[in-house]
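Visitor: sequence-free structure coming up:
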């Protein structure tokens, strides 16, 4: 009999794999690794802000929602800056620096709030956000992951060709009457929302690696889009399931194992070259 | 000659507060091919993008089909330099071509309609690449890539074709391939074209007019009128020279960077 928490972890892992399997090749092809870094910063800022509000209002589920809202706001801001002519690196760098500074300030406020409020329940949230804890996700978390994931998956599927075209030649798309700015903004929102959705399962520390490496590995192995998507999905799914099983057996957080496994595969491919 | 397709009067193009092209006046008739000539940083691409409606920071008058360029974008195809494309995206040649007409309708483009795929195939046939439709864009040669981009431009059924350095970074045989397709477009479709170039020599056969710019208009007219020693030396220095061989003008522009130093 499989323990219920392990089943929830496996289901969560499958959902994360489906999302990242689809998104990671786009992140690699469009060169959005730096955007995942900005997503990391905004999720951390949102989570700290959520913790402050959660402690004040006695509702720690606010953490998830505040992190989601802040992250989507930040990626839209980055997209707007890019759409106004700033380079991607400049838009992300400036925004992420501002968010990083704000996070430090928010931590200062959080410590003050913690001095006056009981914060024992917060420790689990902090661990979940930093290292990811698939074994700690509740049924509500899973529902949020599955429903939100299904919506993001649907959007990705519907707009995938548009995302490919905007990655290939945004200016050309604009020339031929396409709304490149809208597609770019939507793609950024999907990256941000996916990060917010999976952060409690994969962890902030390893989020960037888990979001980037499957796509990078897949594009190293093939130059056919279908095969790239297949490899990315297969790899993410295998790594997620294997890391959950290994984590169950060894009591090590699965996100750490998944990251190391992806790193090993990437390293072996580099050596093979 | 036909209608005045482009009318520019005292046109100054800005990037922020910087003037990329200053106080330029010219007119281009329908069906004509204009070679836009000038050294690096002369403002050729800025002017081309402004005519394409992609860049809208300008003063003066600019009418394309008697309207501001942004209002007639459907009638204009802009062909960028092929190295500006992200070839990590593994699109097939036919998918790249279809992009030219796919966005005339709708917001979501999950599938490419069959009718459009057929048009894209025909456009690829026109540029001589019908048998490479399923090859990935990144795997094509430089000349083939440029021809795919031309097919993409044609599939959108434009009346004005703008090409940004279509011959740059191509070897001589690839240049011949691309120029022959441009000549075919001019001959069989009669499209109005503006082509930016560093080197006008491979294109003088199809160029009806030449515009020489270097931040401002230096000269505008037929190849015989513009490619004269006293004009080209003003931009390219004393080592440049214009030569007439048979009925065609050639231009030896030397190394402008060496001259400037």
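Guide: That came through, no problem. Predicted model, so just to flag it, every value in this text is computed and none were measured. Numbers count the residues shown, from 1 in each chain, chains lettered A, B, ... in the order given.
Visitor: need the contact list for the closest residue to chain A within the stretch 101-250 of chain B.
Guide: When C-beta to the nearest C-beta is the measure, the stretch 101-250 of chain B has its nearest residue to chain A at residue B:103, with 3.5 Å between them. C-beta: built from backbone N, CA, C; applies to glycine. With contact taken as C-beta atoms under 8 Å, 6 or more residues apart in numbering or on different chains, residue B:103 is in contact with A:173, A:176-178, B:109.
Visitor: 7 Å - rerun?
Guide: Remark: with contacts taken as C-beta atoms under 7 Å, 6 or more residues apart in numbering or on different chains, residue B:103 is in contact with A:173, A:176-178.
Visitor: Per-residue pLDDT of it, please?
Guide: At residue B:103, the model reports a pLDDT of 89.
Visitor: Compute the number of surrounding residues for the residue nearest to it when sequence neighbours are not counted.
Guide: Leaving out its chain neighbours, the residue that sits closest to residue B:103 by C-beta to C-beta, 6 or more residues apart in numbering or on different chains is residue A:178, at 3.5 Å. Here the number of neighbours of residue A:178 (other C-beta atoms under 10 Å in any protein chain shown) works out to 22.
Visitor: What parts of chain B come near chain A?
Guide: B:52, B:54, B:73-74, B:78, B:80, B:85-86, B:88-91, B:99-100, B:103-104, B:108-110, B:136, B:156 (C-beta under 7 Å from any C-beta of the partner chain).
Visitor: circling back to that earlier point, would you verify that the residue nearest to residue B:103 is located in a strand?
Guide: No: the assignment for residue A:178 (DSSP: H, G, I helix; E, B strand; the rest coil) gives coil, which keeps it out of a strand.
Visitor: ok, now how distant is it from residue A:163?
Guide: Remark: distance between residue A:178 and residue A:163 (C-beta to C-beta, to the nearest Å) = 12 Å.
Visitor: Would you verify that residue A:50 is located in a helix?
Guide: Yes: under the criterion used here (three-state DSSP), residue A:50 sits inside a helix.
Visitor: That one and residue A:70 touch, don't they?
Guide: No: counting by C-beta atoms under 7 Å, residue A:50 stays clear of residue A:70, with 8.2 Å between them.
Visitor: rewinding a little: can you report phi and psi for the residue of the stretch 101-250 of chain B closest to chain A?
Guide: Torsion angles at residue B:103 (phi, psi; degrees, to the nearest 10) stand at phi -90, psi 10.
Visitor: now do the one 4 residues further on
Guide: Listed backbone geometry of residue B:107 is phi -110, psi -30, with angles given as degrees, to the nearest 10.
Visitor: Setting aside sequence neighbours, what's the nearest residue to it?
Guide: In this structure, residue B:107 finds its nearest non-sequential neighbour in residue A:179, 7.3 Å apart by C-beta to C-beta, 6+ apart.
Visitor: pLDDT score assigned to the one you found?
Guide: The per-residue confidence score, pLDDT, reads 91 for residue A:179.
Visitor: just residue A:142 next, same as before
Guide: In this model, residue A:142 is scored at 90, pLDDT.
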